[in-house]
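Trainee: everything below, folded, please.
(one chain, ligands or ions: 1)
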Amino acid sequence: MEQLLSEIMILRDGQTPPAGITTPPRQARWYDTFSYIANPERFCSQNLEKYGPIFNTGVFGSKTIFVGSARANQMVLNGDSKYTEIALPDTTMDMFGEYSLFQRPALHRERKNALAPGLTGEILAGYRPRINTTIIDGLSKWTNTGKISLYPAVEKICFEVLVPLLLGVSLDDTNPKSFEGLPLANSNQLKSLYKTYFDGFYGLSKWKSPLTSYGRGLKARAKLLEFMRAVIAKRRLSQGEINPKADFLSMMLVNQQQNPDGIFSDALIENQCLLQLWASHYEISALVSSLIYQLGRFPQILDKLRSEQAKVVGELSNSKTFSSEQLKQMVFLEAVIKETLRINPPSSTANRRLTQSVVLDGILYAKGCTIIAEPRLAHIMPEHFHQPELFEAERFLPPRNEGRMYEFIPFGGGVHACLGAQMAMTITKIFANHLIYLFDWQLTGEASFVQFPLKKIKNNYQIILQKR
Ligand code: HEM
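Mentor: Numbering: from 1, shown residues only. Predicted structure coming up:
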C-alpha cells in the first residue's frame with residue numbers, strides 16, 4: 001500500500017480497501033449526460049443539495065464521479081502519473097493533438113516549464129502597452145450610444161489582442177503586409193476557421209465528414225497548422241534578430257535557436273501557437289463579457305470600481321496606459337473579477353480517469369472511474385463561500401479572504417493549473433479599466449448563457465451603451 005500525501009491512500013491492484021470505507025452516493029443514470037450538457041449549473045446544484053459535494057453520475061457514458069470539496073479537488077488535480085490520467089473523449093483528444101499539455105504526461109513538466117516564460121512574468125509585463133492600445137482601439141469602434149451584442153463585440157477585441165501577442169501576426173486588414181505570404185487572406189478567415197476548430201472539440205460523433213463538427217474541426221485544425229507553419233516561415237525570413245520578448249511565438253523560436261536539441265521542435269511550436277490561442281480566446285472573451293454583465297447588474301459595484309480607479313490613477317485620459325503597479329493596486333477590481341469567475345466559471349476542469357483505486361477521507365474512488373473536479377460545485381459550497389448565492393466581491397478581500405486554494409478553481413489547480421491565468425487577469429483588468437472610464441451601460445433584461453462546453457453569454461444578448 002503506497003501512502004502519497006499523509007491522507008491519500010493508493011491501493012494496489014487486488015488490494016482490499018480498509019474496513020469502514022464507503023463509495024460516493026447516487027446511482028449513475030442513463031440521461032445524466034443530457035442533463036449535464038443542457039445545464040451543468042443546475043445539474044451540479046441539484047445533486048449537491050441532495051447528495052453532498054461528491055457523487056456518482058453517468059455523465060459521458062461511463063461512471064463519472066463529480067467532486068467539489070477542496071480536499072477531493074486537491075486529490076483529483078494532483079494525481080497525474082500516480083493514480084490518474086487525462087480522460088477526455090477521443091474526439092477532443094484528436095483536436096488537442098499529441099503536442100498538447102494534456103498528452104504525453106512524461107513530457108508535461110518539461111514542456112510546461114519551457115512554455116511558461118512566454119505567458120507570464122517579465123514577458124507578459126512587456127505585452128501590457130500593446131494590450132492597452134489594442135483595447136483602446138477596439139473600444140473606440142463601439143458606438144457612442146446604442147445597442148451592441150455583448151459577446152461578439154468583446155470577442156472581436158479579445159481576438160485582436162491575443163493574435164498579435166501569441167503569433168506576432170497583425171490583424172490590420174487595411175495593411176496588405178499583414179497577411180502577405182500567408183495561406184489566409186484576412187482576420188475574418190482566421191477567426192472563422194478557429195470557430196470551426198473550437199466546435200470540433202465537443203463533437204460527439206467520431207465520423208470524419210464535412211457533415212460532423214468533428215470532421216469539420218479536424219479539417220480546420222489542419223488548415224490552422226498550415227497557417228502557423230507559414231507564419232513561422234515568414235518570421236524566419238524577416239530581417240534582423242528575433243526579439244524573444246516580442247510575442248509567444250518569438251519566445252519559442254529564440255529558445256529553439258539557442259537550444260537546437262531542446263524540446264522546441266517545429267511541430268511543437270506550431271501546435272503550441274494553435275493551442276494557446278484556442279485556450280485563451282474563448283475563455284477570456286467569456287470572462288470579460290460576464291464581467292460587463294455583472295457590472296450592469298450591480299451599478300454600485302461599478303461606482304466603487306470607478307472610485308478605486310480614480311484613487312490609483314488620478315487624472316485619466318482616453319489613451320491612458322495602465323501600468324503593472326497600478327493594476328496591482330486595484331485590489332477591488334481583482335476581487336470583482338474573481339467573483340465573476342466564481343459565479344460564472346467559463347469552464348470545468350478536464351476529466352481524469354483513475355488508473356489506481358484511491359481512498360481519501362473514508363471514500364473509495366475506484367480504479368477505472370472518471371472523475372471531475374467541478375468549479376460549479378466547489379464555488380457554491382457554503383463550506384467554501386459564505387452565502388454563495390450572493391455576488392459579493394468583498395469575500396475575496398481581508399478580513400474574509402475566501403477563495404482558498406482548491407476551493408476556488410476557475411483556473412483548475414495542481415499539476416495542470418492554467419498556464420494563462422496571469423495573462424487572463426491582466427487582459428481582463430485592462431479591458432475593465434478602459435471600459436469603465438469610457439462607457440456607461442444598461443442591460444436589456446436577464447442574459448441567457450450557453451452552458452456547455454464553455455459558459456458564455458449568448459451571442460444575441462445586447463447591452464445599451466452610452467459614452468461618458
Ligand atoms: C479566463 C480565462 C481562462 C480560464 C477560465 C482558464 C481555465 C483553465 C482551466 C480550468 C484549466 C485546467 C484544466 C485541468 O486541470 O483540467 C486550464 C489549463 C490551461 N490553460 Fe487556461 N484558462 C484561461 C485562460 C488561459 C490563457 C490566456 C491561456 C494561454 C494563453 C491558457 C492556457 C492554458 C494551458 C496551457 C492549460 C493546460 C496546463 C497544463 O496542462 O499543465 N488558459 N485553463
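
Trainee: contacting residues for the residue in the chain that the ligand sits nearest to?
Mentor: When distances are taken as C-beta to the nearest ligand atom, the chain reaches nearest to the ligand at Gly420, 2.0 Å away. No exception for glycine: its C-beta is placed from N, CA and C like everyone else's. Residues near Gly420 by C-beta atoms under 8 Å, 6 or more residues apart in numbering: Leu119, Gln276, Ala279, Ser280, Glu283.

Trainee: my read: the last one touches Ser347, true?
Mentor: Yes - with contact defined as C-beta atoms under 8 Å, Glu283 reaches Ser347; the gap is 6.4 Å.

Trainee: quick check: neighbours shared by those two?
Mentor: Leu454.

Trainee: show me which helix runs longest in the protein.
Mentor: Using DSSP state H, we find that the single longest helix of the chain is helix 266-297.

Trainee: now do the same for Glu2: its pLDDT.
Mentor: Glu2 is assigned a pLDDT of 39 by the prediction.

Trainee: count of neighbours near Asn175?
Mentor: By the measure other C-beta atoms under 10 Å, the count of residues near Asn175 is 10.

Trainee: where does it sit: helix, strand or coil?
Mentor: What DSSP: H, G, I helix; E, B strand; the rest coil gives for Asn175 is coil.

Trainee: give me the pLDDT value at it.
Mentor: Confidence at Asn175, expressed as pLDDT, is 91.

Trainee: so how far is the longest helix of the chain from its chain's centroid?
Mentor: Offset of helix 266-297 from its chain centre (C-alpha atoms, centre = their mean, to the nearest Å): 6 Å.

Trainee: how close does the spatially most central residue of the chain get to Met95?
Mentor: Centroid-nearest residue in the chain, with C-alpha atoms, centre = their mean: Glu283, separated by 4.3 Å. As defined by C-beta to C-beta, to the nearest Å, Glu283 lies at a distance of 16 Å from Met95.

Trainee: over to Asn344?
Mentor: 24 Å.

Trainee: now Lys456. Nearest residue, chain neighbours left out?
Mentor: Among residues not flanking Lys456 along the chain, Ala286 sits closest, at 3.9 Å (C-beta to C-beta, 6 or more residues apart in numbering).

Trainee: could you export the helix or strand where Leu333 lies as PDB, CA atoms only?
Mentor: In the assignment (DSSP states H and E), Leu333 maps to helix 331-343. What follows is helix 331-343 as a C-alpha-only set of coordinates in PDB (Å, rounded to 0.1, in the frame of the first residue of the first chain):
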ATOM      1  CA  VAL A 331      -7.500  45.100  -5.400                       C
ATOM      2  CA  PHE A 332     -11.200  45.700  -5.600                       C
ATOM      3  CA  LEU A 333     -11.200  45.200  -9.300                       C
ATOM      4  CA  GLU A 334      -9.300  41.900  -8.900                       C
ATOM      5  CA  ALA A 335     -11.900  40.800  -6.300                       C
ATOM      6  CA  VAL A 336     -14.800  41.700  -8.700                       C
ATOM      7  CA  ILE A 337     -13.100  39.600 -11.500                       C
ATOM      8  CA  LYS A 338     -12.700  36.700  -9.100                       C
ATOM      9  CA  GLU A 339     -16.300  36.900  -8.000                       C
ATOM     10  CA  THR A 340     -17.300  36.800 -11.700                       C
ATOM     11  CA  LEU A 341     -15.100  33.800 -12.200                       C
ATOM     12  CA  ARG A 342     -16.700  32.200  -9.100                       C
ATOM     13  CA  ILE A 343     -20.300  32.800 -10.200                       C
END
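
Trainee: what is the distance between that helix and the centre of its chain?
Mentor: For helix 331-343, the distance from its own C-alpha centre to the chain's C-alpha centre is 15 Å (C-alpha atoms, centre = their mean).

Trainee: the helix or strand following it near the ligand at all?
Mentor: Using DSSP H and E, the helix or strand that follows helix 331-343 in sequence is strand 352-354. No - counting by C-beta under 6 Å from any ligand atom, the ligand is not contacted by strand 352-354; separation bottoms out at 7.7 Å.

Trainee: same for strand 352-354, what does it pack against?
Mentor: Contact here means 3 or more C-beta pairs under 8 Å, 6 or more residues apart in numbering; DSSP states H and E; on that basis strand 352-354 packs against strand 84-86, strand 370-373.

Trainee: which element is the closest residue to Phe385 other than its chain neighbours on?
Mentor: Nearest residue to Phe385, sequence neighbours excluded (C-beta to C-beta, 6+ apart): Glu402, at 5.4 Å. For Glu402, there is no enclosing helix or strand under DSSP H and E.

Trainee: relative to Phe264, how far out is Glu402?
Mentor: Going from Glu402 to Phe264 by C-beta to C-beta gives 40 Å.

Trainee: quick one: which of the two has more around it?
Mentor: Per other C-beta under 10 Å, whichever of Glu402 and Phe264 has more neighbours is Phe264, with 22 against 19.

Trainee: now do the contacts for that one.
Mentor: Counting by C-beta under 8 Å, 6+ apart, Phe264 has contacts Ala114, Met252, Leu253, Asn255, Gln256.

Trainee: okay, and the closest residue to it other than its chain neighbours sits in which element?
Mentor: Excluding the flanking residues, the one nearest Phe264 by C-beta to C-beta, 6+ apart is Gln256, at 4.0 Å. Element membership of Gln256, judged by DSSP H and E, is helix 248-258.

Trainee: just checking, what packs against that helix?
Mentor: Under the contact criterion of 3+ C-beta pairs under 8 Å, 6+ apart, the helices and strands touching helix 248-258 comprise helix 150-167, helix 213-237, helix 266-297.
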